[in-house]
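In: What follows is a protein structure lacking sequence information:
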DNA sequence: CGTTTACGGTTAACACCGTTCACAAACTTG
DNA sequence: CAAGTTTGTGAACGGTGTTAACCGTAAACG
């Protein structure tokens, strides 16, 4: 066990530099500019090679800001859920989901960076950070809370295909497995299904590979959720949930 | 009506140059290299500025080869369907779908170029070419053939949300609307739903944002299809179809 | 047929990009 | 104070997209 020391002066300053790198990068992205090493250095008032004291290469810079963007965005998703009472598990899950979609459409570059960036090697740094992705933890956590409340039917682990069984038993993808018994891991599979469906709509919408009128209305997004909702035992709750989702869509797009 | 002239010598040579640009670009991509204007020019034995006589900028080069890649890939999807008898509409649709997934995993760069490339302006050239995307036409055509054979229930156009109704009535997204009555356009919506789901799995798999074991097994892909199949009236045919899909997955991944 | 025009290429240059290396200043530590 | 580590600089290399001025040649036209 490492004894925790108080951070020395240098370590503190180094941490601040990291923060500034991320801050400047996000600022750059927000302005619609490309994320480039030189641009970041320039805006920090430093020469490009200096950044190599902090990141090994460009990809690592991308990974760094992607991780932080995911963390920040997760804050928004959580805040959206927190507008609802704590025991409205279904509503909270769908509010976070809806906020995810709205965030992606409003920040396409950031979305591309975090969720549409190929991970080249299977054993690179990105893989680990993928496991730590906070947005994944938030959604799995919300789904777990929902299930622990209404105990809707989930697939039995034994009946899952072998590869899937392995994957849900020992996940490399971000998942909140704490408090989930081994025989309850079928829920992770349900989560993966939901995430896949959600990702499909949102990515198509963000990339503009969909009819603009459908994107603007959000109907495909709603349809996708409607299709998923029964799998978490919310078929009967759907009318209420749909109204909430539509309200949030109208609200945050009109703002 | 324009009188069709025989192509003059210049036009013919120009067309050949376009073909060479595409050929060289695809060759470059296949070797795992980046698609760059300079690299294409270099391999053509020409200086980079010369390419500007053929494309206005880099993005237009990308669009050009993306269009051709889509056309070539569609050939593979169609060939996969053609291995089945002409009246096995369900099987043909699913074979093309499966081949799409296999192609995407085997050619991630090409997939990214064609299907994960943001279209910036809503009224740029890419929008038009999106409308002409041959893969979209193939799949809608196969779904239409399937429906015209088994007439499974489809949503009534009147009951669709207004935005969706507009989109399916006058599609800007590639669709085979010929031979489809205005009140049968609900089928287009079903197609969009299916495409969205399919896109979700495949994109996640290609980008590596999914558990490697699940990707390798293809179980999420199969699960996604299974979830969609009832919507085109194939619930009872699923066991047969699943076997066919699994066979193709095993075949083309082991090769 | 000769003249004119437009096309398809060149060279040179600009402004970016990621990345490496040798070196110097500054700060921490013994 | 001296030694050593950390952090930044300047110069340079090879790569990118893109623009400008220029020029020979092939097509088009009177």
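Out: It's in. This structure is a prediction, so every number in the text was calculated from the model and none was measured.

In: what about residue A:179, neighbour count?
Out: 10 (other Cβ atoms under 10 Å in any protein chain shown). Every C-beta, even on glycine, is put in place using the N, C-alpha and C of the backbone.

In: and the nearest residue to it once chain neighbours are set aside, what does it touch?
Out: Nearest residue to residue A:179 in three dimensions, chain neighbours excluded: residue A:144, at 6.8 Å (Cβ to Cβ, 6 or more residues apart in numbering or on different chains). Neighbour list for residue A:144: A:176, A:179, A:180, A:187 [criterion: Cβ atoms under 8 Å, 6 or more residues apart in numbering or on different chains].

In: Pull the distance from the helix or strand containing residue A:144 to the chain's centre.
Out: Residue A:144 is located in helix A:134-150, with elements delineated by DSSP states H and E. In terms of Cα atoms, centre = their mean, to the nearest Å, the centre of helix A:134-150 is set 13 Å apart from its chain centre.

In: Can you give me the buried ones in whichever helix or strand comes after it?
Out: Tracing the chain past helix A:134-150, the next element assigned as helix or strand by DSSP H and E is helix A:162-169. With burial defined by 16 or more other Cβ atoms under 10 Å in any protein chain shown, the residues of helix A:162-169 counted as buried are A:163, A:164, A:165, A:167, A:168.

In: and which of those residues is nearest residue A:20?
Out: The shortest gap between residue A:20 and any of the buried residues of helix A:162-169 belongs to residue A:167, at 38.3 Å (Cβ to Cβ).

In: Is any residue of the helix or strand encompassing residue A:103 near chain B?
Out: According to DSSP H and E, residue A:103 maps onto helix A:89-106. No: remark: helix A:89-106 sits outside contact range of chain B, by Cβ under 8 Å from any Cβ of the partner chain, the gap being at least 11.9 Å.

In: got the buried residues for that helix?
Out: In helix A:89-106, counting by 16+ other Cβ under 10 Å, buried: A:89-105.

In: elements contacting it?
Out: helix A:58-82, helix A:108-115, helix A:134-150, helix A:186-207, helix A:219-228, helix A:238-254 (3 or more Cβ pairs under 8 Å, 6 or more residues apart in numbering or on different chains; DSSP states H and E).

In: burial of the closest residue to residue A:113 other than its chain neighbours, as a residue count?
Out: Nearest non-adjacent residue to residue A:113, counting by Cβ to Cβ, 6+ apart: residue A:66, 4.9 Å away. Neighbours of residue A:66 under the rule other Cβ under 10 Å: 22.

In: Please apply the same query to residue A:39.
Out: 15.

In: helix, strand or coil for residue A:118?
Out: coil (DSSP: H, G, I helix; E, B strand; the rest coil).

In: State the distance from it to residue B:95.
Out: Using Cβ to Cβ, to the nearest Å, residue A:118 is found at 27 Å from residue B:95.

In: same question, residue A:218
Out: 33 Å.

In: before we move on, back to that, show the average pLDDT along the helix holding residue A:103.
Out: On average, the pLDDT along helix A:89-106 is 98.

In: do stretch A:69-80 as well
Out: pLDDT averaged over stretch A:69-80 gives 97.

In: Whether that stretch contacts chain B - can you check?
Out: No: on the criterion Cβ under 8 Å from any Cβ, stretch A:69-80 is out of touch with chain B, staying 11.8 Å away.

In: likewise stretch A:199-217?
Out: Yes: applying Cβ under 8 Å from any Cβ, one finds stretch A:199-217 in contact with chain B at A:199-201, A:203-204, A:206-214, A:216-217.

In: hang on, residue A:65 packs against residue A:22?
Out: Yes: using Cβ atoms under 8 Å, residue A:65 is in contact with residue A:22, at 5.4 Å.

In: Read off the pLDDT value for the nearest residue to residue A:47 once chain neighbours are set aside.
Out: In this structure, residue A:47 finds its nearest non-sequential neighbour in residue A:41, 6.1 Å apart by Cβ to Cβ, 6+ apart. For residue A:41, the model assigns a pLDDT of 98.

In: thinking again about what came up before, tell me the confidence at the residue nearest to residue A:113?
Out: 95.

In: right, and it touches residue A:112 too?
Out: No: under the criterion of Cβ under 8 Å, residue A:66 makes no contact with residue A:112, lying 9.7 Å away.

In: which residues does the residue nearest the centre of chain A contact?
Out: For chain A, the residue nearest the mean C-alpha position is residue A:135 (3.2 Å; Cα atoms, centre = their mean). Going by Cβ under 8 Å, 6+ apart, residue A:135 touches A:70, A:73, A:74, A:77, A:100, A:174.
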